[in-house]
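1. kindly return the folded structure for what I paste below:
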Amino acid sequence: MIKKSMWLMVGLSAVMLSAGCAGRHHGPTTGAGHPSQDRIVSEVNELVDQHVKDPGKAKQVQAMVRDIVEEVKRSSQQTRGYHEQLNTLNAGYDTTPEQFMKVLDEMNHARMSSASKILGKRFQIKELLTPQEWKNLTDAMAKARNPYAHQPSDGMAR
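-> Got it, this is the predicted structure:
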């Protein structure tokens, strides 16, 4: 569940022009078969280099991608902590619903805060790029996430 939510955030980040080539990959993966964070950053950096012609802007975008990946990692660790708290509460016979709600409220607030940071980085990246650079980059990222996007919709592999 934790890894799924972490990769969901990575995928969300990708939609926001960030860190997500969550499709099939060759190369290092996490234990769940997902690409490693280093691999994701490397692939996104390559796409940025291909589609952002100004080297200075490209470096800024790449730095923000790293920030997003670090935020995803931090959020995932924080979520694990909340899950541990919930497990501890669950083991307690005398635990009240209010105790669970307090942890759930804190966890949801932390997730929302993290999502807001990631969204903020997405808009910072967008502001750096021209509309055409944005389109080219987001199209390339969508294609990298979905290796079958370029195939005909009849489901026949060619």
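
2. just the helices in the protein please.
-> Remark: helices assigned in the chain by DSSP state H are 2-15, 37-51, 55-91, 97-128, 131-145.

3. and the second one, what does it pack onto?
-> Looking back up the chat, that one is helix 37-51. Packing partners of helix 37-51 (3 or more Cβ pairs under 8 Å, 6 or more residues apart in numbering; DSSP states H and E): helix 55-91, helix 131-145. Every C-beta, even on glycine, is put in place using the N, C-alpha and C of the backbone.

4. neighbours of Asn90, how many?
-> Residues contacting Asn90 under the criterion other Cβ atoms under 10 Å number 9.

5. sorry, back to before: for the helices of the chain, please prepare TSV with the additional fields mean pLDDT.
-> Output for the helices of the chain, formatted as TSV (pLDDT from 0 to 100):
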stretch	mean pLDDT
helix 2-15	46
helix 37-51	91
helix 55-91	97
helix 97-128	98
helix 131-145	94
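
6. give the contact list for the closest residue to Leu137 other than its chain neighbours.
-> Of all residues not flanking Leu137 in the chain, His51 sits nearest, at 4.4 Å (Cβ to Cβ, 6 or more residues apart in numbering). By Cβ atoms under 8 Å, 6 or more residues apart in numbering, the contact set of His51 is Glu133, Asn136, Leu137, Ala140.

7. how close does the last one sit to Asn90?
-> If you measure Ala140 against Asn90 using Cβ to Cβ, to the nearest Å, the figure is 44 Å.

8. likewise the third one?
-> When Cβ to Cβ is the yardstick, Leu137 and Asn90 sit 44 Å from each other.

9. again, but for the first one
-> Distance from Glu133 to Asn90, counting by Cβ to Cβ: 49 Å.

10. for the residue located most distally from the centre of the chain, grab phi and psi.
-> No residue in the chain sits farther from the centre than Asp94, which is 37.7 Å out by Cα atoms, centre = their mean. Main-chain dihedrals, Asp94, degrees, to the nearest 10: phi -100, psi 10.

11. with adjacent residues omitted, what lies nearest to Tyr82?
-> The nearest residue in space to Tyr82 (Cβ to Cβ, 6+ apart) is Met107, at 4.0 Å.
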